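*Asks:* The following block contains a protein sequence and its predicted model.
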Amino acid sequence: MTYQSPFTTRYGSDEMRMLWSELAKRRAWRRVWLAVAEAQVTAGLVSIEQVEELRTHAQDIDLARAQAIEAEVQHDLIAELRTFAEQSPKAGGILHWGLTSADVQDNADVVRQKAALAILLEVLHKLLLKFADRIEETHDLPVMGFTHLQPAEPTTLGYRLSVHAQDLLEHFDALLRLHRHLRGKGIRGPVGTAASQVEMLEGTDVTPEMLEVSVMQSLGIEAYPVSSQTYPRVQDYTLLAALAGLAASMHKIGLDLRLMQSPGIGGASEPFDADQVGSSAMPFKRNPILAEKICSLARLVAGQASVAWSNAADAGLERTLDDSANRRIVLPEAFLACDEMLHTAARIMDGLVTTPGQLSDPLASYGAFAALERVLTALVKAGADRQSMHERLRDHSMQAWEHVQKGSPNPLVDALAQDTQLLEYLQPGRIRELMHIESYVGLAPQRALEMTVRLRDRFRQRTQEDES
């Protein structure tokens, strides 16, 4: 009897949902507290026994107790801190010593962001290899190309998919760079000066810089050289913009799949299960619901990037808290939405259906128009005047277009083969040969196959790097 987000059960993988769960968040906070206590041991401020007690209870999240405390103090981090302290009576008194909330939250956020990027990178890696398989299968399968959503010239389905794969590979590399360079706040206190650490460590052999390095190494992240109460919020925008960029390419994939599944373009469609219902009213419908879901979630991610922009732009002086509430939403949901889009695209690539009849129909209807360029080139080579022949071919094409729009067979080939002005330069058989448009795909098959090699080599190298 309470609201649940669609991401709670409907969208996103179990792995990604777990990463952004309340349990994982609080365990990430405790990981920071434990890392700080471990670093303080080297300065003689905390005992090994206290650290061992904290380590023993670091995973023991008690949400009910924390929520009861939060109802009183109205601060979720303080509530978790007190819960952890109650579980660790010997060490509870030194928890959060010298820290401010953002020292814990911001570093923990970046730890989870890096983990979320790692999940996306792995799913994207697998999706690109699925693209490689589909591209190879369809590298020389001719389809009608469309520009301005109007018939243009033939291409191949594999080459069209190669365009998408190339975009996704660019996003993979961008996200990989981001994963390597995300940085945390460090251990710096309320305004980033580390004043508490300076006084705390006075008279010890440990400097604030040494303590911070120890903590960040334990967390597996680096700190910004300079930070205020938080890490620079423009990093959130950089992250959300990268996810929005991925979402843009996913949206194009979804849109193209929807167009290809529609009558008149046709040729490829997403899988449709035997018991799947396409419409509550129209039993015959096979709606492209997977591709539509991709487009829908992509729009959501695009909007979340603008929220991160405002958070960065409006972060007055050392910090304002007006980013806190929306960051609890936009960061996890952007990752969950991208995760769902990638998994959905993988499902489509696994079950992509190509229909030869639907592929050939647009070529039969409109392909002849695209062949006019070949005919014009051959006419000029044979000695004809380019301008007069262009006008002659244009007249024929306009008349033929009217027939096609009425649903009649395209009469263009026969009209050209019987035109006496054209026959002065080309034989009828040569004209008909030139109008055989299926072979007019240029380098598309070759470059599609080159893309499959590029993808497989790229991820073979990555696999070897991961194993080493």
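*Replies:* Alright, I've got the coordinates. Residues are numbered from 1 along each chain as shown.
*Asks:* any idea whether Gly145 is helix, strand or coil?
*Replies:* What DSSP: H, G, I helix; E, B strand; the rest coil gives for Gly145 is strand.
*Asks:* Give the bridge partners for the residue nearest to it when sequence neighbours are not counted, please.
*Replies:* In this structure, Gly145 finds its nearest non-sequential neighbour in Thr155, 4.1 Å apart by Cβ to Cβ, 6 or more residues apart in numbering. Heads up, the C-betas are built off the backbone N, CA and C, glycines and all. Taking DSSP bridges as the rule, Thr155 bridges to Val143.
*Asks:* Just the element for Asn287, please.
*Replies:* Applying DSSP states H and E as the criterion places Asn287 outside every helix and strand.
*Asks:* quick one: it and Phe272, what's the gap?
*Replies:* According to Cβ to Cβ, to the nearest Å, Asn287 stands 9 Å off from Phe272.
*Asks:* re the thing from before, could you report the neighbour count for the residue nearest to Gly145?
*Replies:* Around Thr155 there are 22 other residues, counting by other Cβ atoms under 10 Å.
*Asks:* That one is in contact with Glu438, isn't it?
*Replies:* No: assessed by Cβ atoms under 8 Å, Thr155 is found out of contact with Glu438, at 11.3 Å.
*Asks:* For Ile221, list the residues it contacts.
*Replies:* With contact set as Cβ atoms under 8 Å, 6 or more residues apart in numbering, Ile221 has these partners: 107, 110-111, 114, 182-184.
*Asks:* Let's see if you can find the most crowded of those.
*Replies:* Neighbour counts for those (other Cβ under 10 Å) peak at Gly184, which has 29 neighbours.
*Asks:* Do a quick rundown of the strands in the stretch 51-200 of the chain.
*Replies:* Assigned by DSSP state E, counting those that start in this stretch, the stretch 51-200 of the chain shows strands spanning 142-147, 150-156, 183-184.
*Asks:* so what does the longest one touch, helix or strand wise?
*Replies:* Counting contacts by 3 or more Cβ pairs under 8 Å, 6 or more residues apart in numbering; DSSP states H and E, strand 150-156 packs against strand 142-147, helix 356-370, helix 444-467.
*Asks:* got the angle between it and helix 444-467?
*Replies:* 60 degrees (axes from the mean of the first three to the mean of the last three Cα atoms, to 10 degrees).
*Asks:* ok, and what's touching strand 150-156?
*Replies:* 138-146, 362-363, 365-367, 369-370, 373, 437-438, 440-441, 444-445, 448.
*Asks:* Does anything pack onto the least confident helix or strand in the chain by mean pLDDT? Which helices or strands?
*Replies:* The weakest-scoring helix or strand in the chain, judged by mean pLDDT, DSSP states H and E, is helix 356-370 (a mean of 75). With contacts taken as 3+ Cβ pairs under 8 Å, 6+ apart, helix 356-370 sits against strand 142-147, strand 150-156, helix 386-405, helix 412-417.
*Asks:* and the next element down the chain from that helix?
*Replies:* Using DSSP H and E, the helix or strand that directly follows helix 356-370 along the chain is helix 372-381.
*Asks:* Return the distance of that next one from the chain's centre.
*Replies:* 44 Å (Cα atoms, centre = their mean, to the nearest Å).
*Asks:* next one: stretch 11-26
*Replies:* For stretch 11-26, the distance to the chain centre is 18 Å (Cα atoms, centre = their mean).
*Asks:* What residues of it count as buried?
*Replies:* For stretch 11-26, the neighbour count (16 or more other Cβ atoms under 10 Å) marks 11-12, 16-17, 19-20, 24-26 as buried.
*Asks:* Kindly report the same for stretch 334-341.
*Replies:* Buried-residue list, stretch 334-341, by 16+ other Cβ under 10 Å: 334-341.
*Asks:* go on, stretch 107-126?
*Replies:* 107-117, 119-121, 123-125.
*Asks:* go on, stretch 84-94?
*Replies:* Applying 16+ other Cβ under 10 Å to stretch 84-94 flags 84-85, 87-88, 91-92, 94 as buried.
*Asks:* what's next to the least confident helix or strand of the chain, contact-wise?
*Replies:* With Cβ under 8 Å, 6+ apart, helix 356-370 has contacts from 141-145, 151-154, 157, 264-267, 397, 400-401, 404, 410, 412-413, 435, 437-438, 440.
*Asks:* neighbours around Glu49, how many?
*Replies:* Neighbour tally, Glu49, other Cβ under 10 Å: 10.
*Asks:* Kindly report the same for Ala305.
*Replies:* Neighbour tally, Ala305, other Cβ under 10 Å: 21.
*Asks:* contact partners of the helix or strand it falls within?
*Replies:* Using DSSP H and E, Ala305 sits in helix 289-313. With Cβ under 8 Å, 6+ apart as the test, helix 289-313 has contacts from 11, 232-234, 236-237, 239-241, 243-244, 246-248, 250-251, 253-255, 257-258, 261, 270-271, 278, 322-323, 326-327, 330, 333-334, 337-338, 340-341, 344-345, 347-348.
*Asks:* Any of those residues buried? List them.
*Replies:* Buried members of the contacts of helix 289-313, counted by 16+ other Cβ under 10 Å: 11, 232-233, 236-237, 239-241, 243-244, 246-248, 250-251, 253-255, 257-258, 261, 270, 323, 327, 330, 333-334, 337-338, 340-341, 344-345, 348.
*Asks:* Show me those that map onto strands.
*Replies:* Among the buried ones among the contacts of helix 289-313, no residue falls in strands (DSSP state E).
*Asks:* buried stuff in the least confident helix or strand of the chain?
*Replies:* 358-363, 365-370.
*Asks:* Strand 142-147 and that helix, what's the angle between them?
*Replies:* Using the same axes, to 10 degrees: helix 356-370 against strand 142-147 is 60 degrees.
*Asks:* and stretch 401-408, how far from the chain's centre?
*Replies:* Distance, stretch centre to chain centre, for stretch 401-408: 42 Å (Cα atoms, centre = their mean).
*Asks:* Quick check: which ranges of the chain have low pLDDT?
*Replies:* Within the chain, the ranges that satisfy pLDDT under 70 run 274-285, 357, 462-468.
*Asks:* quick one, domains of it?
*Replies:* 6-270+283-357, 372-435 (automatic domain parsing).
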